[in-house]
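J.: here's my sequence, what's the structure:
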Amino acid sequence: MNLIFRLAWRNIWRNRRRTLITLTSMVAAVVLSVVTRSMQKGSYDQMIENVVGSYTGHVQIQDPEFNDNRILDNTIAADSSLIGTIRGISGVKLVLPRLETFALAAGKKQSRGTLVVGIHPAAEERFNGLSGKIVDGDYLKPDDGGVLVAQKLAEYLDCGVGDSVVLLGQGYHGASAVALVPVRGIIHFASPDLDKRFIYMTTGKAQEIFSADGRVTSLVVEPVGKVNVEKFAATVKEKIGNGKYVVLTWKKLLPELVQQINGDNAGGLIMLGILYMVVAFGIFGTVLMMTNERLREFGVVNSLGLPAGKLAVMAAVEIIMIALIAAGAGTAFSLPVVLWFHAHPVQLTGEAAKAMINYGIEPVMPFLLNWKIFASQGCIILVLSCATSFFPFVVLRNFNPVEAMRK
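T.: Residues are numbered from 1 along each chain as shown. Next up, the predicted model:
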């Protein structure tokens, strides 16, 4: 076997031009695919972080009916024992009680439907740094009776810090909810849609206004670091062990985001499939030439005692050697590119930046640094090479050395 490897290594460099052309196409395919997938996966992580990491959270505990019918009648009792149980689960970083509902907000002359969110200020600050979005005024205190108003909503209602806003809505079990609340601060969201709809207040104040004492619409549960969200949600569900609650991951809470990512990912895979199809034909062309133009050589070697089966193995080893070199070189060339753009994300400008901001996504394109991306693209090249390496076995199956030497 050692002889076959030595002969294969020498043979691939007998025609250097052909070998280098094949290597170049394979290396280019690996580099292009690694860089493309790294950019795509990095963009997906950025989208998830912008949306999930800033508001919804990775896991939420809700009433089974709330996600489909978001009314205050579908709330849960956020007692200390439940929150204590969740905080005691291994891997839980934060538990954020929230009370979300819709209300009509009225300013001096105009009114608009808004999303009112009751929060625990300190916990929310640890989760998403909400105070960093304040452009005027102060952040909420734990027992604050005021509100934070989104900037475009405040402009529409013609109110500022120190003014008051009237909230009119429906409370728990149909109770009337009317309140005059002072504006403590103005917050700015990158997404224009969010910037004209949100009002934040403390959970206690929201429960008072909407007659939902001790109740919340959701408990946001954040894990420590990056984890498998499905397994984390299953652990939380097992620990709370109560049929009154449902544990939802961000994928269930944000199906539109999942569909958007899946659609874009499918398009990227189709483009990579076309690229590898071209590369596969190039590899097969190399195998075809390496086999057919050496039939006379194979006939001589076979006559000297080397079986046709071992000749086919040698030809296959040559292709696999080229693929291994290409996979290694492609990884070596693409690694510095991915490392650079992972540390220095591409900053988008112009219309592309505006489009991403409108979706509430930071206008940058980070690259994901993950060994699986490098390994998968190198493995694809190896699989394609192994698939085409069967051609020599087909040609040499009924090999006649006498006829081969006459060619």
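J.: contacting residues around stretch 233-245?
T.: 59, 61-64, 76, 82, 85-86, 88-92, 221, 247-249 (Cβ atoms under 8 Å, 6 or more residues apart in numbering). In short, each C-beta sits where N, CA and C put it, glycine included.
J.: do stretch 272-282 as well
T.: So stretch 272-282 is in contact with 22, 25-26, 29, 32-33, 36-37, 380-381, 384, 387-388, going by Cβ under 8 Å, 6+ apart.
J.: give me the buried entries from the residues you listed.
T.: Thr22, Ser25, Met26, Ala29, Leu32, Ser33, Thr36, Arg37, Ile380, Ile381, Leu384, Thr388 (16 or more other Cβ atoms under 10 Å).
J.: in helices, which of these fall?
T.: Secondary structure from DSSP state H places Thr22, Ser25, Met26, Ala29, Leu32, Ser33, Thr36, Arg37, Ile380, Ile381, Leu384, Thr388 of those in helices.
J.: looking at these, which is nearest Thr291?
T.: Within those, the smallest distance to Thr291 is 10.3 Å, found for Thr388 (Cβ to Cβ).
J.: pretty sure the closest one is touching Ile283, no?
T.: Yes - using Cβ atoms under 8 Å, Thr388 is in contact with Ile283, at 5.0 Å.
J.: re earlier: and the ones in helices among the buried ones among the contacts of stretch 272-282 as JSON lines, adding pLDDT and distance to Gln151?
T.: JSON lines is the format used below for these (pLDDT from 0 to 100; distance: Cβ to Cβ, whole Å):
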{"residue": "Thr22", "pLDDT": "81", "distance to Gln151": "58"}
{"residue": "Ser25", "pLDDT": "83", "distance to Gln151": "53"}
{"residue": "Met26", "pLDDT": "85", "distance to Gln151": "53"}
{"residue": "Ala29", "pLDDT": "86", "distance to Gln151": "48"}
{"residue": "Leu32", "pLDDT": "87", "distance to Gln151": "42"}
{"residue": "Ser33", "pLDDT": "88", "distance to Gln151": "42"}
{"residue": "Thr36", "pLDDT": "87", "distance to Gln151": "37"}
{"residue": "Arg37", "pLDDT": "88", "distance to Gln151": "37"}
{"residue": "Ile380", "pLDDT": "87", "distance to Gln151": "48"}
{"residue": "Ile381", "pLDDT": "85", "distance to Gln151": "51"}
{"residue": "Leu384", "pLDDT": "84", "distance to Gln151": "53"}
{"residue": "Thr388", "pLDDT": "81", "distance to Gln151": "60"}
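J.: which one of these is nearest Gln259?
T.: Ranked by distance to Gln259 (Cβ to Cβ), those are led by Arg37 at 19.8 Å.
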